[in-house]
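1. Make a model of this:
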Amino acid sequence: MNGRRLVAAMSAAQLGSLLPHVALPSVLPTHLIPEWGLTYSEGGLMAASYAAGYMFAVPVLTTLTDRVDARWILFWGSILSGLATVLFGLFATGLVSAIFLWGLAGIGFAGAYMPGLKALTDRLGSGDTSRSVTLYTASFSVGVGLSFLVSQVIAERWGWRAAFLVTGFGPAAMAAVALLLRPVPPPPRRGALLDFRPVLRNRTALGYILGYGAHCFELYGMRTWIVAFWGFVAARAGGATSIDAITVSVVVTILSLPASILGNEAALRYGRHRAITIVMLASAVVGAAIGLTAGLSPWLTLVLLLCYAFTVPADSGALTSGMSAAAEPRYRGATLALHSTVGFGLSAFGGWAVGAAIDAAGGPLSDTGWTAAFLVMAAGILLGPLALWWSREKAAA
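-> As a prediction, the model looks like this:
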């Protein structure tokens with residue numbers, strides 16, 4: 001495959017790979033929490049197990065791509081991701097079994113997403129890969145939007161177990177593409193498998209990695225609880241809005257695609273640090289505004305959510321392409337591994353922290369609960385500009 005066909009194939013296959021991605025958050029407030037009698041903190045912990053499984057597996061699986069062809073890790077990770085999702089639909093019966101099975105699905109996805117990016121960049125030309133990387137990462141948002149849509153529609157019609165059984169077949173698309181990729185031998189590499197010292201010495205890459213962590217904290221806090229939040233807004237409006245949670249969650253997620261692409265273009269034109277910092281500050285302001293106006297007009301909330309749909313993901317492509325460009329070629333797999341470990345580690349923390357904030361501040365039926373939730377997300381994203389400033393200062397020293 002030439003470069004354009006390769007990027008198109010990988011981006012399209014990622015839609016299937018991501019089909020299970022938010023199956024659990026999609027059915028969490030409407031099915032699992034009431035059926036299993038969970039608190040929102042427990043629900044957040046259950047949702048976070050996916051990112052936690054990813055976080056623990058990705059250092060090994062992505063660093064391995066410096067030693068073996070990434071397409072094989074991509075293939076087997078995709079198979080495990082789909083299989084674990086199907087097993088969740090068949091056998092999950094409560095908090096403990098759900099955490100185990102959803103964490104296993106996260107481990108599978110750890111072998112699919114960043115190894116997929118490595119498989120892509122290993123096969124691209126030597127020119128600037130920024131737009132190709134951004135298209136791949138931007139398709140992530142379309143896949144998540146599709147996951148929200150399919151999971152909720154199927155759960156409403158045939159039950160939540162059917163949602164997992166159907167979405168579990170999505171990753172087969174990425175497994176098929178992995179088999180079609182031409183073999184690429186990895187570059188010679190010495191040293192221990194999990195030696196991240198060369199990455200930690202790369203201050204420029206490390207700044208993007210830490211900024212990505214702040215981005216993921218906010219992003220997964222929002223994606224884990226967007227369905228529950230709009231349920232609160234709709235109930236509080238008392239029929240004043242006919243827009244349901246399916247529509248809101250899908251639209252908010254799909255808008256991430258143009259936002260990520262435009263954010264990367266702005267970074268290329270005006271400088272990455274400057275563009276990313278402006279986006280993160282804007283996102284903190286919009287997130288805080290949503291929290292402080294929670295319970296007021298649903299139309300005001302909707303407008304703010306649409307703005308949030310742009311600010312939350314607009315830094316994603318710029319952060320990942322910046323990290324990829326700053327990575328030393330010999331340690332690109334290790335750099336991707338640390339990038340993903342930090343990102344999904346803070347994703348897991350973000351999903352749980354927002355749920356805990358809701359419980360602590362009055363619960364999911366209160367204005368204060370959702371005010372606390374969005375203020376927590378706003379505080380998290382504000383750490384991103386600090387990380388970029390720190391890396392620039394260290395690099396200049």
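2. what about the protein, any weak spots by pLDDT?
-> 1-3, 125-131, 133-134, 186-195, 239-241, 393-397 (pLDDT under 70).
3. Could you identify the longest helix within it?
-> Longest helix in the chain by number of residues, with DSSP state H as the criterion: helix 203-237.
4. Can you mark which positions in that helix are buried?
-> By neighbour count, and taking 16 or more other CB atoms under 10 Å as the criterion, the buried residues in helix 203-237 are 203-234, 236-237. The way it works is simple: take the backbone N, C-alpha and C, and place the C-beta from them, glycine included.
5. centre of the chain versus that helix, how much separation?
-> Its chain's average C-alpha position is 9 Å from that of helix 203-237, according to CA atoms, centre = their mean, to the nearest Å.
6. Over to stretch 152-170?
-> 20 Å.
7. So which residues make contact with that stretch?
-> Judged by CB atoms under 8 Å, 6 or more residues apart in numbering, the contacts made with stretch 152-170 from elsewhere in the structure are 15-20, 23, 26-27, 30-32, 82-86, 88-90, 92, 147, 150-151, 227, 245-246, 249.
8. Kindly export that stretch (C-alpha atoms) in CSV.
-> Provided in CSV are the C-alpha atoms of stretch 152-170 (Å, rounded to 0.1, in the frame of the first residue of the first chain):
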residue,chain,number,x,y,z
GLN,A,152,-26.6,2.7,23.3
VAL,A,153,-28.9,1.8,20.4
ILE,A,154,-28.3,-1.9,20.8
ALA,A,155,-28.6,-1.7,24.6
GLU,A,156,-32.0,0.1,24.3
ARG,A,157,-33.4,-2.5,21.9
TRP,A,158,-31.8,-5.8,23.1
GLY,A,159,-30.2,-5.2,26.4
TRP,A,160,-26.7,-4.2,27.6
ARG,A,161,-25.2,-7.7,27.1
ALA,A,162,-26.1,-7.5,23.4
ALA,A,163,-24.2,-4.2,23.2
PHE,A,164,-20.9,-5.9,24.2
LEU,A,165,-21.5,-9.0,22.1
VAL,A,166,-22.0,-6.9,18.9
THR,A,167,-19.2,-4.3,19.5
GLY,A,168,-16.8,-7.1,20.4
PHE,A,169,-16.6,-8.1,16.7
GLY,A,170,-15.3,-4.6,15.7
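9. and the helix or strand in which Met377 is found, what other elements does it pack with?
-> Secondary-structure element containing Met377, defined by DSSP states H and E: helix 367-381. Under the contact definition 3 or more CB pairs under 8 Å, 6 or more residues apart in numbering; DSSP states H and E, helix 367-381 sits against helix 203-237, helix 272-292, helix 332-360.
10. which helices and strands sit right next to the last one?
-> For helix 332-360, the helices and strands in contact under the criterion 3+ CB pairs under 8 Å, 6+ apart are helix 40-63, helix 95-110, helix 113-121, helix 197-200, helix 203-237, helix 316-326, helix 367-381.
11. which one of the ones you listed lies closest to Ser141?
-> Nearest to Ser141 among the helices and strands packed on helix 332-360 is helix 316-326 (8.0 Å), distances taken as CB to CB.
12. ok, residues contacting that closest one?
-> Residues outside helix 316-326 that contact it (CB under 8 Å, 6+ apart): 117, 121, 128-130, 133-134, 137-138, 140-141, 202, 204-205, 208-209, 211-212, 215, 219, 256, 260-261, 263-264, 266-267, 272, 275-276, 279, 332, 335-336, 339.
13. what phi and what psi does the backbone show at the closest residue to His31 other than its chain neighbours?
-> Leaving out its chain neighbours, the residue that sits closest to His31 by CB to CB, 6 or more residues apart in numbering is Trp160, at 4.2 Å. Backbone dihedrals for Trp160, given as degrees, to the nearest 10, come out at phi -70, psi -30.
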